[in-house]
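Participant: give me a 3D structure for the following:
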Amino acid sequence: MFLDLHEIIEVPGRSVPFQCELDGERLSFPTLVAFNGPVTAQGQVKNTAGVLELTAEVRADMTVRCDRCGVPFEKRMTPRYTAVLQADAEDADSEDVFPLDGDGVDVSDVLETCLILDMDQKFLCRDDCKGLCPTCGKDLNEGPCGCKKQIDPRMAALGRLLDDIQEV
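Facilitator: Okay, the predicted model is just below:
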């Protein structure tokens, strides 16, 4: 969504509110199963002493797959973002500074970038998720599997020695 800012660029204290939907296709990632509705954003761009500051809250309801056990679960994200808009943002060193496009800004592009950078590295169905057994693939959250613990091949000779001692 392109937001025209020509009315507030030269007038400190003025603001322009906005509401928009973000593109779910641009926000896709490997463990995303689906968005459960549109990804929405609302906020404003305000001229604060000559600096254009975008503030917004994004809402994304989604179904994601747990990175440990593979079970799908629902997750809601409602992050708040603040970004500075500048005509010469390419020269800026901060990742929170975005370029103006003439006298406006593509709000969707700014917020999609913020959301992608803010996305969790791993999605877990719960903090204590035990994952899957590496041998049989059973979900260890449902209980232990019947697999025998694998012995490190470097310790196999020691294991045989211990077995011999126990037989005596």
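Participant: three-state assignment of Leu54?
Facilitator: Three-state call for Leu54 (DSSP: H, G, I helix; E, B strand; the rest coil): strand.
Participant: which residue is nearest the middle of this structure?
Facilitator: Centroid-nearest residue in the chain, with CA atoms, centre = their mean: Met119, separated by 1.1 Å.
Participant: on the pLDDT front, check that residue for me.
Facilitator: Residue-level confidence at Met119 comes out at 86, pLDDT.
Participant: just the one 4 residues further on next, same as before
Facilitator: The per-residue pLDDT reported for Phe123 equals 92.
Participant: ok, now Ile165?
Facilitator: For Ile165, the pLDDT comes out at 72.
Participant: so Ile165 belongs to a helix, correct?
Facilitator: Yes. Checked against three-state DSSP, Ile165 lies within a helix.
Participant: quick check: nearest residue in space to the residue nearest to the centre of the chain, chain neighbours excluded?
Facilitator: Distances taken as CB to CB, 6 or more residues apart in numbering put Phe29 closest to Met119, at 6.5 Å, once the chain neighbours are dropped. To be clear about C-beta, it is placed using only N, CA and C from the backbone, and glycine gets the same treatment.
Participant: A helix includes Gly159, no?
Facilitator: Yes. Under three-state DSSP, Gly159 falls within a helix.
Participant: correct me, but it touches Ile151?
Facilitator: Yes. Here Gly159 reaches Ile151: they are 5.2 Å apart, a contact under CB atoms under 8 Å.
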